[in-house]
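>>> Take a look and give me a structure for this.
(one chain, ligands or ions: 1)
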Amino acid sequence: MKKDLSAKLLHTGDAKYAKKIAGMVSSPETMPIYQTSVFAFNNIADVDAIYEKETDGYIYSRIASPNADAVSEILAAADGGEKALVFASGMAAITTAILSFVQSGDHIIASPVLYGGVQDFLANELPRFGIEATFADLLDGNISDYIKPNTKLVYTETICNPLMEVPDLETLAGNARENGLTLLVDNTFATPVVANPLSLGADAVLYSATKYLGGHSDIMAGAVISSAGIIERVRRLQVLYGGILSPHDCWLLARSLRTLDLRMKRHSENALETAKFLDAHPKIERVFYPGLASSPSHERAARQFEKGLFGGMLSVDLKGGEGAARRIIQAFETIFLVPSLAGTATTVSWSAKTSHRFYDREERLRSGITDGQLRFSIGLEDARDIIAELSAALEAV
Ligand code: PLP
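A predicted model of the protein is given here:
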C-alpha cells in the first residue's frame, strides 16, 4: 500500500529499529539512553505478563525505565544495598522515603542541624499530616530521652550540613533497632566512598545525587538505597508521587558514578590539606572539618570512615564575621559563590544566607551556624592552587 509522507515519517525507524538492534550479536558498550515515555506492544497478553510479573519488560517510564534501573544497579552496588531508586532531586528522594515510613499520628526524631529543606519539611510540612518531629542531638547515638510511644523514624546525615558533625551511626542504628525504629541516613556529603551507613546498621541511605554522585553541577537527582523490601515500599510512593529521574539524567548520573571513587579521594585529600592550612591561619576563628584531629567529631569519623577519607566539605568562621565573609568572597578569583556543592571546582557558599536561610535565626545561632560562616566545597584542583587562592584572598580581608 502506498503511504503518504506523514505515515512514512511516523512509521519508519525508531521502535522497530530499537528491536532490531536488541537482536543483533553486538551490543553497545555503554548503556544507550532510552528516551521514551512509554513502550510499544503487539498484544495485550504481553502487557498482562509484565503487570503480573510473569516476564521482564517496561510499560511506562514513571513506573520503571531502563536507564533508571541501570543507574540504580550501580548505586545499590556502591552502597551495599539490595536495591536502589533514583529520583528527580534529593528532596524528592528524601520526602518520598520519609512518607513511605510514617502516617498520621507518628513521631520522628531528627538531628537538629540538617539540610535546610529537610528541616523545613519535617518541622513545617509534616505537621499538616499529623506527623511531628523532635530535633535532638544524636551525635552520641543516644535516643532514649526522645523516644515516644508513637516514634517510628530516626533521621540524620552522615556528615551534618554545614557544621560537618559526624554522629555515631553504629550506636544510633543499634538503639533504633532495639526500639523497633527505622533509621534513615542522608549520606550526601560522605558518599559511599567515605562512609557506608548500611554496613553500620542504617535501614536506608538517601542522597541528593545533585551533589557528589552527579559531581559536575549539571544534574538534579536523588537516590534511595536499601533492602528489596523497603525499596518496594518506597517505589510504590515514587510511582504515585511521580518524582522519577529522566532517562537522560539517569544516563548522566551513571556516567558520573564511574569516576566517583577517584573524585572523592581527590576531594577528600584536598579538603584535609586545605582544612589544615585554614586551621593554622591567624584570620580564621574556627574550621569545621571531621578530618582535623581537633574536630569534636574526629574520633567518631575516624572510627566509621574506614578508608580514612573525610569528604570534600568544610566550613569556617572568619575572624571579622559577616564583613570579613563579604570581603573574602569578593577577593576570590576562581572560587565562585555557589549555593550548592560538590562540583569539580572549589566553590564557596554562605550557609546562613542560602541552605539555612529559613531557619529561625536564634535557633541557627544556637546550633553554631553563625551569620558570617562560609562553607567551602573543595574541588579537584591541585591543593597548592586552592591554598594559594585562599591565602591571597585572606590577605585582602
Ligand atoms: N541533603 C543534603 C545534605 C543537601 O545538601 C541537599 C541540597 O543541598 C539536599 C539533601 C536536597 O537535595 P536536592 O537539592 O538535590 O533536592
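>>> Torsion angles phi and psi at the closest residue to the ligand within the stretch 51-200 of the chain?
Using Cβ to the nearest ligand atom, Gly90 is the residue of the stretch 51-200 of the chain that sits closest to the ligand, at 2.3 Å. No exception for glycine: its C-beta is placed from N, CA and C like everyone else's. Dihedral pair for Gly90: phi -60, psi -40, per degrees, to the nearest 10.
>>> Now do the contacts for it.
Tyr115, Asp186, Thr188, Leu206, Tyr207, Ser208, Ala209, Thr210, Lys211, Met220, Ala221, Gly222 (Cβ atoms under 8 Å, 6 or more residues apart in numbering).
>>> Same check on Phe101?
Lys152, Leu153, Thr182, Leu184, Arg233.
>>> One more: Tyr115?
Residues near Tyr115 by Cβ under 8 Å, 6+ apart: Gly90, Glu157, Asn161, Asp186, Thr188, Ser208, Ser355.
>>> Pop the domain breakdown of the chain in here.
The chain breaks down by automatic domain parsing into domains covering 11-60, 61-257, 260-396.
>>> how distant is the longest one from the center of its chain?
For domain 61-257, the distance between its averaged C-alpha position and the chain's averaged C-alpha position is 8 Å (Cα atoms, centre = their mean, to the nearest Å).
>>> Tell me how many other residues surround the closest residue to Ala393 other than its chain neighbours.
Excluding its sequence neighbours, the residue lying closest to Ala393 (Cβ to Cβ, 6 or more residues apart in numbering) is Ala331, at 3.9 Å. Residues lying near Ala331 (other Cβ atoms under 10 Å) number 16.
>>> how much space between Ala331 and Val316?
14 Å (Cβ to Cβ, to the nearest Å).
>>> Hmm, Ala68 and Ala254 touching each other?
No. Contact criterion Cβ atoms under 8 Å: Ala254 and Ala68 do not qualify, at 9.9 Å.
>>> between the two, who's got more neighbours?
A side-by-side neighbour count of Ala254 and Ala68, using other Cβ under 10 Å, places Ala68 first with 28 against 21.
>>> Quickly find the element holding that one.
When elements are assigned from DSSP states H and E, Ala68 belongs to helix 66-79.
>>> Also Val118?
Element membership of Val118, judged by DSSP H and E, is helix 116-120.
>>> For the nearest residue to Pro192 once chain neighbours are set aside, give me its contacts.
What sits nearest to Pro192 in space, not counting adjacent residues and going by Cβ to Cβ, 6+ apart, is Ala78, at 4.3 Å. Contact partners of Ala78, counting by Cβ under 8 Å, 6+ apart, are Pro192, Ile225, Leu257, Leu260.
>>> can you check Ala70 too?
Contact analysis of Ala70 by Cβ under 8 Å, 6+ apart lists Met31, Cys250, Ala254.
>>> again, but for Thr96
Applying Cβ under 8 Å, 6+ apart, one finds that Thr96 lies in contact with Phe87, Val224, Val234, Leu237, Gln238, Tyr241, Gly243.
>>> tell me which parts of the chain are close to the ligand?
Within the chain, the positions adjacent to the ligand are 89-91, 94, 115, 117-118, 157, 161, 186, 188-189, 208, 210, 220, 222, 340, 355 by Cβ under 6 Å from any ligand atom.
>>> Recalculate using a threshold of 8 Å.
Residues of the chain lying near the ligand by Cβ under 8 Å from any ligand atom: 89-94, 114-115, 117-118, 157, 161, 186, 188-189, 206-211, 220-222, 340-341, 355.
>>> Are any of these buried, and if so which?
Among the residues of the chain next to the ligand, those buried by neighbour count (16 or more other Cβ atoms under 10 Å) are 89-94, 114-115, 117-118, 157, 161, 186, 188-189, 206-211, 220-222, 341, 355.
>>> Not counting residues beside it along the chain, what's closest to the residue in the stretch 101-250 of the chain that the ligand sits nearest to?
Nearest residue of the stretch 101-250 of the chain to the ligand, counting by Cβ to the nearest ligand atom: Ser208, 3.0 Å away. Closest residue in space to Ser208, ignoring its immediate chain neighbours: Gly90 at 2.5 Å, by Cβ to Cβ, 6+ apart.
>>> Can you check the pLDDT for the one you found?
Note on Gly90: pLDDT of 98.
>>> Ramachandran coordinates for Pro290?
Per degrees, to the nearest 10, the backbone of Pro290 is at phi -70, psi -10.
>>> what's around it, how many residues?
Pro290 has 31 nearby residues by other Cβ under 10 Å.
>>> residues touching it, list them.
If you count contacts by Cβ under 8 Å, 6+ apart, then Pro290 has Ile159, Met164, Glu165, Val166, Ser297, His298, Arg300, Ala301, Phe305, Phe310, Gly311 around it.
>>> for the stretch 151-300 of the chain, which spans come out with low pLDDT?
Low-confidence segments of the stretch 151-300 of the chain, defined by pLDDT under 70, are absent.
>>> now the strands for it?
Applying DSSP state E, counting those that start in this stretch to the stretch 151-300 of the chain gives strands spanning 151-157, 182-186, 204-208, 222-226, 284-288.
>>> outside of the longest one, which residues touch it?
Judged by Cβ under 8 Å, 6+ apart, the contacts made with strand 151-157 from elsewhere in the structure are 98, 101-102, 106-111, 114-115, 118, 122, 138, 143, 167, 169, 172, 176, 179, 181-189.
>>> again with the fourth one
When contacts are taken as Cβ under 8 Å, 6+ apart, the neighbours of strand 222-226 outside the stretch itself are 72, 75-76, 78-79, 81-94, 96-97, 198, 203-210, 213, 231, 234, 243, 245.
>>> Check which element follows the host helix or strand of Leu99 along the chain.
Using DSSP H and E, Leu99 maps to helix 90-101. Per DSSP H and E, helix 90-101 leads on to strand 107-110 as the next helix or strand towards the C-terminus.
>>> Now do the same contact list for Ser72.
Ser72 neighbours (Cβ under 8 Å, 6+ apart): Lys83, Ala84, Leu85, Val86, Ala223.
>>> now do 6 Å
Ala84, Val86 (Cβ atoms under 6 Å, 6 or more residues apart in numbering).
>>> Once you drop chain neighbours, what's closest to Gly320?
Closest to Gly320 by Cβ to Cβ, 6+ apart is Val397, at 6.5 Å.
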